[in-house]
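Novice: predicted coordinates and the sequence they were generated for:
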Amino acid sequence: MFDSLRKLFGSAANKATDQQPASLIQEETMTDEFRQRVKTESEAKVLALDGRICDWLPLLDAPEIRGIEGIRARMSVLNALINISFQAPVAVIEKWLTQENLLAYLSPDEAAILTKTNKQLTEQELANLRWNLESLWAMMWATQMVSELDPVKWCGDNMASLLPNLEQGQTNEKLTGLQNLRSAAELYRMLDFYYRLHWYCVDERLHGRAANVSESLVYERRKALEWIYNNQYEWDDVEMST
């Protein structure tokens, strides 16, 4: 029904406001010394990709990390909606979200998608849904479903096998069982890296040059990490300035 979804998966936001317990955030690691050290590490990784850095980019703020329940729900919504970009009927996806009690976690933009038929969706709307693959992949890294988040590699060939298969009528069990979130320090390091890598991508585009990594991939992954790291953000309004 969903037109080679599994093959395409391999090739290629929200109302929960719960937060991690303070004991898990490990705020003692978020010293200025730690953040400066991470900045230096991130810049070295960007340079290793033959990118460029901007020394005046600020240090990230201390985390306000979102709780695992809200992250699970966001991942579930993204996984369902991505299917629409692979020709899954909108009505089928809406029914699944209803059955899994996920409608409350739709962002306004996502809710608007469900008011349309497949024929009414624009090419841009479908492209935006497809790019959510990379946001979801970043969340899979954050929840320890996958071990790496390499900016020169697209989402993995094993992605579809790790997620509920809506075409086969699977429930959301693969995601509702998630319990583990990476430490605040791990999340900080990865977000800082993607933040500085995003600056490089944007600056290359503004100067008419092609970056050595996909700006869209970097953007989507940074968006997911920002959303997890900053509990105050709504999915449609994540701050993505560089």
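Specialist: On my side now, so go ahead.

Novice: okay, T29 and N231: tell me how far apart.
Specialist: 18 Å (C-beta to C-beta, to the nearest Å). C-beta coordinates here come from the backbone N, C-alpha and C atoms, glycine included.

Novice: where does the residue lying closest to G156 once chain neighbours are set aside land in three-state SS?
Specialist: Leaving aside its chain neighbours, G156 sits nearest to V146 (6.3 Å; criterion: C-beta to C-beta, 6 or more residues apart in numbering). Using DSSP: H, G, I helix; E, B strand; the rest coil, the structure places V146 in coil.

Novice: where does the most far-flung residue of the chain relative to its centre sit, in terms of helix or strand?
Specialist: Distance from the C-alpha centroid of the chain, by C-alpha atoms, centre = their mean, peaks at E33 (27.6 Å). Using DSSP states H and E, E33 falls within helix 32-48.

Novice: from the contact counts, what lies against that helix?
Specialist: Other helices and strands packing on helix 32-48, by 3 or more C-beta pairs under 8 Å, 6 or more residues apart in numbering; DSSP states H and E, are helix 184-206.

Novice: packing partners of the helix it packs on?
Specialist: helix 32-48, helix 123-142, helix 215-229.

Novice: so which of those gets nearest Y200?
Specialist: helix 32-48 (5.8 Å; C-beta to C-beta).

Novice: tally of neighbours for A185?
Specialist: 15 (other C-beta atoms under 10 Å).

Novice: from what I can see it touches T31, true?
Specialist: No: using C-beta atoms under 8 Å, A185 makes no contact with T31, being 11.0 Å away.

Novice: about what we covered before: out of the helices and strands packed on helix 184-206, deepest packed?
Specialist: helix 215-229 (a mean of 23; mean count of other C-beta atoms under 10 Å).

Novice: that helix versus helix 184-206: what angle between them?
Specialist: 150 degrees (axes from the mean of the first three to the mean of the last three C-alpha atoms, to 10 degrees).

Novice: avg pLDDT for helix 215-229?
Specialist: In this model, helix 215-229 carries a mean pLDDT of 98.

Novice: so which elements touch it?
Specialist: Checking 3+ C-beta pairs under 8 Å, 6+ apart, helix 215-229 ends up next to helix 123-142, helix 184-206.

Novice: quick one on the thing from earlier: give the next helix or strand downstream of the helix holding E33.
Specialist: Note on helix 32-48: by DSSP H and E, the next helix or strand toward the C-terminus is helix 68-82.
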